[in-house]
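Asks: Build me a structure from this.
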Amino acid sequence: METTAGLTFRDATDADVDALVALVESAYRGDASRAGWTTEADILEGQRTDPEGVLAVIKSPDSRLLTVERDGQVVACCQLEHRGTYAYFGMFAVSPALQGGGLGKVIIAEAERIARATWGVTEMHMTVISVRNDLVAWYERRGYRRTGQMTPFPYGDERFGLPQRDDLQFELLVKPLV
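Replies: Residues are numbered from 1 along each chain as shown. Modelled structure (predicted):
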């Protein structure tokens, strides 16, 4: 457990599953997500994750699901997965009520530090829905670069949501960790 800027970072446990699913859903789906800027409500309906998906990340030996608390309340989370020379960054969610205040910057910097310190990786990778220009630009300001490498969106798999448009795909973003 580590503390940075009044935040406590710890690995998620089974007891955190419901709170983390609620956090991720609130940051990306439905009307509640519109309170923040990371909403995907206009491009995807349905679920973003589910208890089984969150529990799978918690249980995976190559993953950490960082849970971020402030004053004992879960306010954010992110997944770090060790993949050889790089770490994959995913399932990043900040409570919509706290978005836009610099919290995300602190969390991603700490996640990068933890990935370097834990696994000695030299890069962080992530995938972002390519039409999320505001989100891609936010990551670019944090040092990530677009690669142009696209992966198809899993249309028809409701575990990833119900697409509201037919041009969704994931783009790989990469950042050197030096």
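Asks: pLDDT (mean, whole number) over the helix ranked longest in the chain?
Replies: Secondary structure of the chain per DSSP state H: the longest helix is helix 103-119. Here helix 103-119 scores 96 as its mean pLDDT.
Asks: so what does that helix touch, helix or strand wise?
Replies: Secondary-structure packing of helix 103-119 (3 or more Cβ pairs under 8 Å, 6 or more residues apart in numbering; DSSP states H and E): strand 2-4, strand 7-11, strand 63-70, strand 73-83, strand 86-94, strand 123-129. The way it works is simple: take the backbone N, C-alpha and C, and place the C-beta from them, glycine included.
Asks: mind checking which of those strands is nearest residue 28?
Replies: strand 86-94 (7.0 Å; Cβ to Cβ).
Asks: Can you name the residues that contact residue 66?
Replies: By Cβ atoms under 8 Å, 6 or more residues apart in numbering, the residues touching residue 66 are 9-12, 77-80, 107, 110-111, 114.
Asks: tell me the angle the longest helix of the chain makes with strand 7-11.
Replies: Orientation of helix 103-119 against strand 7-11 (axes from the mean of the first three to the mean of the last three Cα atoms, to 10 degrees) gives an angle of 40 degrees.
Asks: which residues touch helix 103-119?
Replies: Residues from elsewhere that reach helix 103-119 (Cβ under 8 Å, 6+ apart): 2, 4-5, 7, 9, 64, 66, 68, 75-76, 78, 80, 82, 87, 89, 92, 94, 121, 124, 138, 142, 175, 177.
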